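Student: Please work out how this folds:
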Amino acid sequence: MMLNTIKSSSNARKSALRVGRGMAKKGKTCGRGHKGQKSRSGGMPKPGFEGGQMPLHRRLPKFGFTSQVSLTHAELRLSEIVAKVDDEKSIIDLNFLKMKNLVRSNTKSVKIFMSPRCECPKKLHIKGINISKGALKLVQDSKGSVES
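Tutor: Residues are numbered from 1 along each chain as shown. Below you'll find the predicted structure:
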């Protein structure tokens, strides 16, 4: 077998249906029906047209948008917390994070994530904060505790 002799099988490629050739199947109206915008050549509305209603791309603002959830929710890396903890006996809760300026004062919920190549050399006692599975494993491996 040579590369220049390879051919697809006889019925692998189906020839295109020729429409508009007489009165047989797909003839005359060619499956477009009778009259109307969609039956004419070039008669489809442009992409995004919503029948005269103000289209979505014009209803939305043209510049950035700030989610209201992001104003009260924060995400922290475990390494940021480890760097700010001085003594191992302190309990890490929302007030502690606000006091250390890790989150804003209007934050209501926080989630801790594991940062890449992160180590947790200190015992951390986390209370009332959501934590990812990876970060939870690191905290527990370093003999720390997590309470929800």
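Student: Against which helices or strands is the longest helix seen in the chain packed?
Tutor: In the chain, with assignment by DSSP state H, the single longest helix is helix 133-141. Applying 3 or more C-beta pairs under 8 Å, 6 or more residues apart in numbering; DSSP states H and E, we find helix 133-141 packed against helix 78-84, strand 109-113, strand 145-147. All C-beta spots, glycine's among them, are computed from the backbone N, C-alpha and C.
Student: Check which residues of the last one are buried.
Tutor: To tie it back to what came earlier, the one meant is strand 145-147. Of all the residues in strand 145-147, those buried under the rule 16 or more other C-beta atoms under 10 Å are residue 146.
Student: Kindly report the same for the second one.
Tutor: Using 16+ other C-beta under 10 Å as the test for burial, strand 109-113 gives 110, 112-113.
Student: before we move on, the earlier item: residue 8: which of the helices and strands packed on helix 133-141 is closest?
Tutor: When those are compared by C-beta to C-beta, strand 109-113 sits nearest residue 8, at 50.9 Å.
Student: and the closest one with helix 133-141, angle?
Tutor: Here the directions of strand 109-113 and helix 133-141 differ by 80 degrees (axes from the mean of the first three to the mean of the last three C-alpha atoms, to 10 degrees).
Student: Give me the residues contacting the longest helix of the chain.
Tutor: Contact partners of helix 133-141, identified using C-beta atoms under 8 Å, 6 or more residues apart in numbering, comprise 78, 112-114, 118-120, 124, 126, 131, 145-146.
Student: again, but for stretch 2-11
Tutor: Stretch 2-11 is contacted by no other residue when judged by C-beta under 8 Å, 6+ apart.
Student: For it, what is the distance to the chain centroid?
Tutor: Centroid separation for stretch 2-11 versus its chain: 43 Å, with C-alpha atoms, centre = their mean, to the nearest Å.
Student: Quick one: end-to-end length of it, please.
Tutor: Start-to-end span of stretch 2-11 (C-alpha to C-alpha, to the nearest Å) is 22 Å.
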